[in-house]
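Undergrad: could you look at this predicted model? Sequence included:
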Amino acid sequence: MSAHSRPNLPQREAIRYLDGPLLVLAGAGSGKTRVITEKIAHLIEACGLSPGNIAAITFTNKAAREMQERVSRLLAGKSTRGLTISTFHSLGVRILREEVDALGYRPNFSILDATDCFAIVSELAGSADKATIRRLQALISQWKSSLVSPDEARGIARGEYEVLAAEVFANYAATLRAYQAVDFDDLIVLPVALFEKQPALRDKWQNRLRYLLIDEYQDTNVSQYRLLHLLAGPRAAFTAVGDDDQAIYGWRGADVANLRGLPRDYPNLKIIKLEQNYRSTVRILKAANALIAHNEKLFDKKLWSDLGHGEPITVRCCADQEKEAEAVVMKLQAHRFEHRGAFRDYAILYRGNFQARAIERFLRDQRVPYLLSGGQSFFEKTEIKDITSYLRLLTNPEDDPAFLRAVGAPRRGVGSSTLRALGAYAGERHRSLFAAAGEQGFAQRVQAGQLSPLREFCEFIECLRQRACREPAAQVLSALLDAISYEAWLLAQDEMRVARSKWANVREFCDWLGRKGDEERKTLFELTQSIALIGMIDQQDTEIDAVRLSTLHAAKGLEFRHVFLIGVEEGVLPHREAAAENRIEEERRLLYVGITRAQRSLHLSYAEKRKQGREVIPCQASRFIAEMGRENLRFANENSTTVPDRAASAERLSALRAMLAGQTR
DNA sequence: GCACTTTATGTTTTT
DNA sequence: CATAAAGTGC
């Protein structure tokens, strides 16, 4: 999109409209981010609103950071101090921290990630298999984000499974309380509960955040909508920007009904549609429109573009996933050569993270630089979780999940049976594991040989805790790593290469903590609390010239000159489970999001055979390909550009690479 | 009872 | 291929 030109008419209207609540229905690539950023600038410059009175809510930290940068650029040096641009969850943390007394939590509460919560649910559900626990966890999360309490869940639970789930839910909530811990859902749910119970606090925040802007509104869930509603208050000074065709988080409790509910809850709601697309060629938009026309529509809108027809969209059928990966990398190289493009102009998008593996292998073989976004977050890597568990335990000794992890990494003579005994004792006495380990009563239950390593561990933590109150975060961390000989343990545990990469991650984490500690003058305790919310993507350098690999979900909000969309097969996109549960529309929107990421060219591919475990499963093209309209697509055979023989094709790629190397010099 | 080695197993999407 | 449960030496 051309950021230099003036905003078009509806964009200008959306930026300037301040007479009441506003919903901007912004199609893909229609400049919604621009509306939000320029509106923030407008509020500050033209309306004289203090940055501290404005809050913009995004869905990812990355989007928040980008938006912050764009606003700073727009205001050209003028201070944005106090301006809130954050995710719903980060805002939730801020509210929780400030109002922690009113909530009955201690200020050192822990934030648990999905893995910790999984372990808790697993513990409470007894002997259930992994899939069941995941379903339980999902259902509990669904309830929480819909503002259903454990008691209410008991009331609405139907059937054996849901009754069990409601029971687990109640125990789960009590467990979190006991741990002085909150999960991701609580970051929204607790502020909502707080504001509903204490109008004075609600008013305080309403007064502080006098204008709200919400991005990706179609992906809000009930609790987020409720929080927005409470924050906006009777003045209802807000702008919500969304696109019902891009709602792809239904599985997480997001409900497009929140879009429909807006005109109902705010009768004076103004609706502005942005229908001109500044991103893609006509052909790409025609295919996207044709596809999405198969969905039941909430709001009518027609995207158009004046960027010309452009390259035809290609569809390629490949023998299997390997061949697909090879063909895509080949095509990408050839295309880049032909167009004299940069690697960073290309993105390869897919439904599930596992699909990146095959592609990665070929990219690495061919020495194509790439950046993998999504997937496992940096802070979820085992080595980082080990270390952050220590930090969490230092911050909050009640954090039993952190205790359990830290006490076993590295091994220190405290095994599963000692921990079982400790857990049982702590449960009876309503103590945290950490506190229980220090009690006389527990000492009488176990042998001295079992007790001493445990006591030593607790003393070590206590000693470090003292230091953490006085010394800078990075210093405490390096003392910690030293004391537990973490590097040596990694080397003993893993193979050399793995250990070194893990240690490098730990070092990177140290640097990060040191930087944060210096720049933002935050204490170890404050830093520890925010870790769970940060993803690795935030750290990645977006300036690097590399091909982007991303899931369709993680690609939302981004754009690329050339897009390769792989695995457009029945069973993958739409996903098998989703198809079975009649959730086709969301899968269709997911592809729609993928298609509309492309500015200039789009290349779809699928495989006829897919390896699943040991079995080879025959596949067919996704139904969505037909829905895009044959007249908008050009079908190609794998064989027309790819040589079936691996050696020969590798040779071809090498030749091409040599050619490219010569070209760039 | 603890720690380490082997073997089966299985993958939607994320704050 | 990377993680998790079961098996083996100490």
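TA: Right, received. Where do you want to start?

Undergrad: what does the stretch 201-350 of chain A put close to DNA strand B?
TA: Within the stretch 201-350 of chain A, the positions near DNA strand B by Cβ under 7 Å from any atom of the strand are A:248, A:251-252. Heads up, the C-betas are built off the backbone N, CA and C, glycines and all.

Undergrad: DNA strand B: which of these is nearest?
TA: Nearest to DNA strand B among those, counting by Cβ to the nearest atom of the strand, is residue A:251 at 3.9 Å.

Undergrad: just to be sure, which of the residues of the stretch 201-350 of chain A next to DNA strand B are found in helices?
TA: Judged by DSSP state H, helices contain none of these.

Undergrad: mind checking which of the residues you listed are buried?
TA: residue A:248 (16 or more other Cβ atoms under 10 Å).

Undergrad: what's the closest of the residues of the stretch 201-350 of chain A next to DNA strand B to residue A:98?
TA: Closest approach between those and residue A:98, by Cβ to Cβ: residue A:252, at 26.5 Å.

Undergrad: ok, now which ones touch the closest one?
TA: Residues near residue A:252 by Cβ atoms under 8 Å, 6 or more residues apart in numbering: A:141, A:145, A:221.

Undergrad: for stretch A:369-389, the averaged confidence score.
TA: For stretch A:369-389, mean pLDDT rounds to 83.

Undergrad: after the one helix or strand residue A:285 maps to, next one along is what?
TA: If you go by DSSP states H and E, residue A:285 is part of helix A:282-292. Using DSSP H and E, the helix or strand that follows helix A:282-292 towards the C-terminus is strand A:313-320.

Undergrad: returning to that earlier point: how far off strand A:313-320 does the helix holding residue A:285 point, in degrees?
TA: Using axes from the mean of the first three to the mean of the last three Cα atoms, to 10 degrees, the inter-axis angle of helix A:282-292 relative to strand A:313-320 is 70 degrees.

Undergrad: which residues are in contact with helix A:282-292?
TA: Residues from elsewhere that reach helix A:282-292 (Cβ under 8 Å, 6+ apart): A:28, A:245, A:277, A:280, A:302-305, A:307-313, A:588-589, A:591-592, A:595-596, A:598, A:602, A:624, A:627-629, A:632-633.

Undergrad: in ChimeraX, how would I select just the buried ones from those?
TA: The ChimeraX selection below is limited to those of these classed as buried (16+ other Cβ under 10 Å):
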select /A:28,245,277,280,303,305,307,310,311,312,313,588,589,591,592,595,596,598,602,624,627,628,632,633
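
Undergrad: ok, back up a step: dump the residues of the stretch 201-350 of chain A next to DNA strand B to CSV, plus pLDDT.
TA: What follows is these, written out as CSV (pLDDT from 0 to 100):
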residue, pLDDT
A:248, 92
A:251, 87
A:252, 86
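
Undergrad: mind putting the residues of the stretch 201-350 of chain A next to DNA strand B into a markdown table with distance to residue A:92?
TA: Putting these into a markdown table (distance: Cβ to Cβ, whole Å) gives the following:
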| residue | distance to residue A:92 |
| --- | --- |
| A:248 | 22 |
| A:251 | 21 |
| A:252 | 15 |
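
Undergrad: tally of neighbours for residue A:526?
TA: For residue A:526, the number of neighbouring residues by other Cβ atoms under 10 Å comes to 17.

Undergrad: repeat that for the one 5 residues further on.
TA: Burial of residue A:531 is recorded as 21 neighbouring residues (other Cβ under 10 Å).

Undergrad: skipping its backbone neighbours, what lies nearest residue A:236 in space?
TA: Counting by Cβ to Cβ, 6 or more residues apart in numbering, residue A:236 lies nearest to residue A:21, which is 4.4 Å off, once chain neighbours are set aside.

Undergrad: so the one you found sits against residue A:267, correct?
TA: No. Residue A:21 is beyond contact range of residue A:267, at 9.5 Å (criterion: Cβ atoms under 8 Å).

Undergrad: more neighbours: those two, which one.
TA: Between residue A:21 and residue A:267, counted using other Cβ under 10 Å, residue A:21 has the larger neighbour count: 22 against 8.

Undergrad: check contacts around that one.
TA: A:232, A:236-240, A:262, A:266, A:268-270 are the contacts of residue A:21 under Cβ under 8 Å, 6+ apart.

Undergrad: same check, this time on residue A:343
TA: With contacts defined as Cβ under 8 Å, 6+ apart, residue A:343 is in contact with A:336, A:368-370, A:545-547.

Undergrad: out of the contacts of residue A:252, which comes closest to DNA strand B?
TA: For these, the nearest to DNA strand B is residue A:141 (7.7 Å; Cβ to the nearest atom of the strand).

Undergrad: can you pull the pLDDT of the closest one?
TA: In this model, residue A:141 carries a pLDDT of 92.

Undergrad: kindly report the same for residue A:596.
TA: What the model reports as pLDDT for residue A:596 is 94.

Undergrad: cool, the one 3 residues further on as well?
TA: Model confidence at residue A:599, given as pLDDT, is 93.
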